[in-house]
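Asker: here is a sequence together with a model predicted from it:
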Amino acid sequence: MTSTIKGLLAALATVTIWAVFLVATRFAVRSNFTVEEILLLRLGTGFLVTIPLMIKLGILPRGQTVVGALMLGLGASAIFPYLVSVGLAYAPASDAGVLAPGMLPFWTALVMFVMTGERPTKPRLTGLIVIFAGALLVGLWQILYGSAEGAWRGHILFLAGSFLWAIYSAYFKQSGFSPLHGLVIGLFWGTLAIIPFLALSGNVSFTGVSPRDFILMAFVQGVLIAVFALVLYTIAVRQLGAAQTAAFGALTPVLALIGGAVFLDETVTLSKVVGVMMVAAGVVLASGLFDRKA
């Protein structure tokens, strides 16, 4: 297998897993699981799986400011998945695909501009504008004409989670840590800080959850999504480059739309399809793939 093919397969698998997170979590919080139970399985299982890496790489976010240490310790492991998971209790997975991972390039560019003064190139700026327009089309149309009651709450949570992930990404970029090292730091401190609150919330009992569903959700959330997706993403970046891998992120909203329609019977309107395609095109432009042609 050539390095390019290996990178393409890793990138495709990564964005598929990201879409699976949205669809599976939407299904779980609408059935027998609470949001707190989902996060507990994600953190607890991921923690156990990565103990060898914690021992090898270490779990201290050295050289960081207080805010940076908090973002590295809690941002990716607990805050972002919690907000998105709560949002999925209100709004469809297809909306989440647009407003969470789809809006990430927009928020990241904004955060990097505020923190470092970094300005996007013309192709990236065009992509960011297209992303914003597509997200506005999906979100505003759903709020004004959507049938999902309270979907606007989910939209706000998706946007908030995506924005906080962008802040995390900016601090992570400046930290100098490898992706795996950042993963174990987040899983260790996220588990240590959040699980006691989850246990005391009164929403963790797994009542009505079968052993089969428990094991399956633990694998999906804690192994497939929390750990395996990052490993595949790292492989894709190494083989294809950052810009090419980021461009594959355009598939996440599309896959979430398809998955929501096929597995969750979510309504697919023309406005949503147009919005998803706009966001997907914008993500490709914002990835920097066309910067040399600018």
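Answerer: Thanks, I have the structure now. Numbers count the residues shown, from 1 in each chain.
Asker: so which elements touch the helix or strand harbouring Gln174?
Answerer: According to DSSP states H and E, Gln174 maps onto helix 151-175. Applying 3 or more Cβ pairs under 8 Å, 6 or more residues apart in numbering; DSSP states H and E, one finds that helix 151-175 contacts helix 66-70, helix 80-87, helix 93-99, helix 104-116, helix 122-145. Bear in mind the C-beta positions are built from the backbone N, C-alpha and C, glycine included.
Asker: go again with 7 Å.
Answerer: In terms of contacts (3 or more Cβ pairs under 7 Å, 6 or more residues apart in numbering; DSSP states H and E), helix 151-175 is packed against helix 80-87, helix 93-99, helix 104-116, helix 122-145.
Asker: could you dump these into CSV and include mean neighbour count and mean pLDDT?
Answerer: Below are these laid out as CSV (neighbours: other Cβ atoms under 10 Å; pLDDT from 0 to 100):
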stretch, mean neighbour count, mean pLDDT
helix 80-87, 24, 95
helix 93-99, 31, 93
helix 104-116, 18, 90
helix 122-145, 19, 86
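Asker: Gln239 is nearest to which of those helices?
Answerer: Among the helices and strands packed on helix 151-175, helix 104-116 comes nearest to Gln239, with 21.2 Å by Cβ to Cβ.
Asker: rewinding a little: out of the helices and strands packed on helix 151-175, nearest to Trp18?
Answerer: helix 93-99 (8.5 Å).
Asker: skipping adjacent residues, who's closest to Ser169 in space?
Answerer: Thr108 (5.5 Å; Cβ to Cβ, 6 or more residues apart in numbering).
Asker: where does pLDDT dip in the stretch 151-294 of the chain?
Answerer: 292-294 (pLDDT under 70).
Asker: against Leu22, how distant is Arg30?
Answerer: 13 Å (Cβ to Cβ, to the nearest Å).
Asker: for burial, what's the neighbour tally of Ser210?
Answerer: For Ser210, the count of nearby residues is 10 (other Cβ atoms under 10 Å).
Asker: returning to that earlier point: could you dump the helices and strands packed on helix 151-175 into CSV and include distance to Gly275?
Answerer: As requested, the helices and strands packed on helix 151-175 are exported to CSV (distance: least, Cβ to Cβ, whole Å):
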stretch, distance to Gly275
helix 80-87, 17
helix 93-99, 6
helix 104-116, 14
helix 122-145, 4
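Asker: out of the ones you listed, which comes closest to Phe214?
Answerer: Of all these, it is helix 80-87 that lies closest to Phe214, at 16.6 Å by Cβ to Cβ.
Asker: residues making contact with that closest one?
Answerer: Contact with helix 80-87 is made by 25, 29, 35, 38-39, 42, 96, 100, 154, 157-158, 160-161, 164-165, as judged by Cβ atoms under 7 Å, 6 or more residues apart in numbering.
Asker: which among those residues end up buried?
Answerer: With neighbours counted using 16 or more other Cβ atoms under 10 Å, the contacts of helix 80-87 contain these buried positions: 25, 29, 35, 38-39, 42, 96, 100, 154, 157-158, 160-161, 164-165.
Asker: list just the nearest of those residues to Ala193.
Answerer: For those, the nearest to Ala193 is Leu39 (11.8 Å; Cβ to Cβ).
Asker: other residues contacting the helix or strand that Phe188 is a member of?
Answerer: Assigned by DSSP H and E, Phe188 belongs to helix 179-200. Helix 179-200 is contacted by residues 36, 39-40, 43-44, 46-47, 50, 53-54, 57, 59, 61, 72-74, 76-78, 172, 204, 227, 230, 234 when judged by Cβ under 7 Å, 6+ apart.
Asker: narrow those to those in helices?
Answerer: Secondary structure assignment by DSSP state H places 36, 39-40, 43-44, 46-47, 53-54, 57, 172, 230, 234 of these in helices.
Asker: next, the contact list for the most centrally placed residue in the chain, please.
Answerer: Nearest to the geometric centre of the chain sits Pro101, at 5.4 Å (Cα atoms, centre = their mean). Residues near Pro101 by Cβ under 7 Å, 6+ apart: 18, 249, 252-253.
Asker: any idea of the angle the helix holding Phe188 forms with helix 35-49?
Answerer: 140 degrees (axes from the mean of the first three to the mean of the last three Cα atoms, to 10 degrees).
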